[in-house]
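Asker: Provide a 3D model corresponding to the input given below.
(chains A and B)
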Amino acid sequence: KAGVTQTPRYLIKTRGQQVTLSCSPISGHRSVSWYQQTPGQGLQFLFEYFSETQRNKGNFPGRFSGRQFSNSRSEMNVSTLELGDSALYLCASSLAGAGFNEKLFFGSGTQLSVL
Amino acid sequence: QKEVEQNSGPLSVPEGAIASLNCTYSDRVSQSFFWYRQYSGKSPELIMSIYSNGDKEDGRFTAQLNKASQYVSLLIRDSQPSDSATYLCHGNQFYFGTGTSLTVIP
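Answerer: A predicted model of the protein is given here:
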């Protein structure tokens, strides 16, 4: 069974640009959640999608958005990039979501550097 | 107040010792807890889950959950250098603890 696939693995962008990250969950998993990880900040929850609907949202500005497709693949978009957006972005998949006593399976992450 | 708090460390233990990692949580909704291990430059991987009060043992790892005290811990016995990583605590919501960095000294 294939794991969670995130692309691209690395990205370098400049301030003001926008970026789109992709996440393909494990087959059969309908929940995809996104996290931002920076040194010293741990995993910060961005949002969660389930059956093409954003079901939960963390405390991030509107520049961070996402969507989920009918095949459960999810994309995350960051517009007007800022230096502080440099981070490892992780997606995690599960059958029903973290709020249902389920473990999460993480992708390898996308390392975003904003110059 | 953060929903999940961890003793942030860093924690250093000699090889063969017991490493104790602790986590407290503030919400009373969480019914289960998970411990993830994250090696430097890698993504988190699940190592233990615990759903009920008491202890759960898996090899060298023991997870302990006390719902009355809203406390969960992970004990690593006979610590090995390969256990050196960041350990993340997670309840059944979306928020993780900040993680505890563990270094096992040979």
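Asker: Setting aside sequence neighbours, what's the nearest residue to the spatially most central residue of chain A?
Answerer: Against the mean C-alpha coordinate of chain A, by CA atoms, centre = their mean, the closest residue is A:W34 at 3.0 Å. In space, and not counting its chain neighbours, A:W34 is closest to A:L46: 4.1 Å by CB to CB, 6 or more residues apart in numbering or on different chains. Yep, even glycine has a C-beta here, placed from its N, CA and C like the rest.
Asker: and the one you found, what is it in contact with?
Answerer: Taking CB atoms under 8 Å, 6 or more residues apart in numbering or on different chains, we find A:L46 in contact with A:S33, A:W34, A:Y35, A:Q36, A:K57, A:G58, A:F60, A:F64, A:G66, A:M76.
Asker: My assumption is that it lies in a helix; please confirm.
Answerer: No. Under DSSP: H, G, I helix; E, B strand; the rest coil, A:L46 sits outside any helix and is assigned strand.
Asker: For the helix or strand where the residue nearest to the centre of chain A lies, buried residues please.
Answerer: Under the criterion of DSSP states H and E, A:W34 resides in strand A:31-38. Residues A:S31, A:V32, A:S33, A:W34, A:Y35, A:Q36, A:Q37 are the ones in strand A:31-38 that count as buried (16 or more other CB atoms under 10 Å in any protein chain shown).
Asker: Could you do stretch A:10-17 as well?
Answerer: Residues of stretch A:10-17 classed as buried: A:L11, A:K13 (neighbour count, 16+ other CB under 10 Å).
Asker: That one and chain B in contact?
Answerer: No. For a cut-off given as CB under 8 Å from any CB of the partner chain, stretch A:10-17 has no contacts with chain B; the smallest distance is 11.8 Å.
Asker: residues from chain B in reach of chain A?
Answerer: Near chain A, when you scan chain B using CB under 8 Å from any CB, you find B:31-32, B:34, B:36, B:42-46, B:49, B:51, B:88, B:90, B:92-99.
Asker: Among those, name the buried ones.
Answerer: Members of these classed as buried by 16+ other CB under 10 Å are B:32, B:34, B:36, B:43-44, B:49, B:88, B:90, B:92-99.
Asker: biggest separation within these, which pair?
Answerer: B:S32 and B:S43 (20.9 Å; CB to CB).
Asker: Could I get the contacting residues of the closest residue to B:G54 other than its chain neighbours?
Answerer: Leaving aside its sequence neighbours, B:G54 sits nearest to B:L65 (CB to CB, 6+ apart; 6.7 Å). Residues near B:L65 by CB under 8 Å, 6+ apart: B:F33, B:I50, B:Y51, B:S52, B:N53, B:G54, B:K56, B:Y71, B:V72.
Asker: picking that back up, would you format the contacts of A:L46 as a markdown table with distance to A:P8 and pLDDT included?
Answerer: Below are the contacts of A:L46 laid out as a markdown table (distance: CB to CB, whole Å; pLDDT from 0 to 100):
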| residue | distance to A:P8 | pLDDT |
| --- | --- | --- |
| A:S33 | 19 | 95 |
| A:W34 | 15 | 96 |
| A:Y35 | 17 | 96 |
| A:Q36 | 16 | 96 |
| A:K57 | 25 | 92 |
| A:G58 | 23 | 91 |
| A:F60 | 21 | 95 |
| A:F64 | 18 | 98 |
| A:G66 | 16 | 97 |
| A:M76 | 12 | 98 |
